[in-house]
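Colleague: got a sequence here, can you build the structure:
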Amino acid sequence: MAAQLASNLGATYLRIDTIEQGLRDICQISLIDGKGYELAHRIAQENLQVGNTVIADSVNPWGLTRKAWNNVAEEVGANCINVEVVCSNREEHKRRLESRAQSVPGLREPTWQEVLNRDYHPWSAGRLRIDTSNRNIEESFEELISILRNAGVALVL
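Modeller: Numbering: from 1, shown residues only. Next up is the predicted model:
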């Protein structure tokens, strides 16, 4: 949905998976830690400074990573809208993960067990939330647009 939103808005699209795999492939870095996020923050900030809208596609499992994205926008006086996309149906979530088409060459997708074991801290506030469990991608995208508009985001699609 993030890529589709960026395409529809003509926004800069940053996907952490792509950035991190690029660091592995091009820079031969095996232990990424937070380097992918740090690089994405710099690219996002530069784009925001020149007036571009930025759509960042990433898992933000901790308050620290969520705050970092907010700080990127705040430092240049831009608005930051956090959207949490979830699939509350565990079986559907697992099915989607296991049948996902590979879109980043060389990227190893997490296993279902790795997803379950992820150190994820629930959001307490400060985000818009969409549950995709009973919707296909088109329906989920339409709900995302509706949620953004209801939150006062001016969208020209």
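Colleague: those strands in the protein, which residues are they?
Modeller: 12-15, 54-57, 83-86, 128-131 (DSSP state E).
Colleague: measure Ala40 to Ala151 for me?
Modeller: According to CB to CB, to the nearest Å, Ala40 stands 23 Å off from Ala151. Every residue, glycine included, has its C-beta placed from N, CA and C.
Colleague: check contacts around Asn82.
Modeller: By CB atoms under 8 Å, 6 or more residues apart in numbering, the residues touching Asn82 are 60, 66, 69-70, 123, 126-128.
Colleague: closest one to Ser146 out of the residues you listed, please.
Modeller: Comparing the contacts of Asn82 against Ser146 with CB to CB places Leu128 closest, at 10.4 Å.
Colleague: just checking, that closest one touches Val86?
Modeller: No. With contact defined as CB atoms under 8 Å, Leu128 does not reach Val86; the gap is 11.5 Å.
Colleague: between the two, tell me which one has more neighbours.
Modeller: Between Leu128 and Val86, counted using other CB atoms under 10 Å, the more crowded position is Leu128 (15 against 12).
Colleague: skipping adjacent residues, who's closest to the residue sitting nearest the centre point of the chain in space?
Modeller: Averaging the C-alpha coordinates of the chain gives a centre point, and the residue nearest to it by CA atoms, centre = their mean is Asp57 (2.2 Å). Excluding its sequence neighbours, the residue lying closest to Asp57 (CB to CB, 6 or more residues apart in numbering) is Ala2, at 3.8 Å.
Colleague: that neighbour: what's it in contact with?
Modeller: Counted by CB under 8 Å, 6+ apart, Ala2 has contacts 13, 15, 55-57.
Colleague: got the confidence number for it?
Modeller: At Ala2, the pLDDT value in this model is 96.
Colleague: separation between it and Thr53?
Modeller: Computed as CB to CB, the Ala2 to Thr53 distance reads 12 Å.
Colleague: kindly report the same for Tyr13.
Modeller: Distance from Tyr13 to Thr53, by CB to CB: 10 Å.
Colleague: hang on, the earlier thing: nearest to Pro110 among the contacts of Asn82?
Modeller: Of all the contacts of Asn82, Pro110 sits closest to Asn60, with 15.3 Å by CB to CB.
Colleague: ok, now how distant is the residue in the chain sticking out farthest from the centre from Glu92?
Modeller: Taking CA atoms, centre = their mean, the residue of the chain most remote from its mean C-alpha position is Gln28, at 24.0 Å. Distance, Gln28 to Glu92, by CB to CB: 37 Å.
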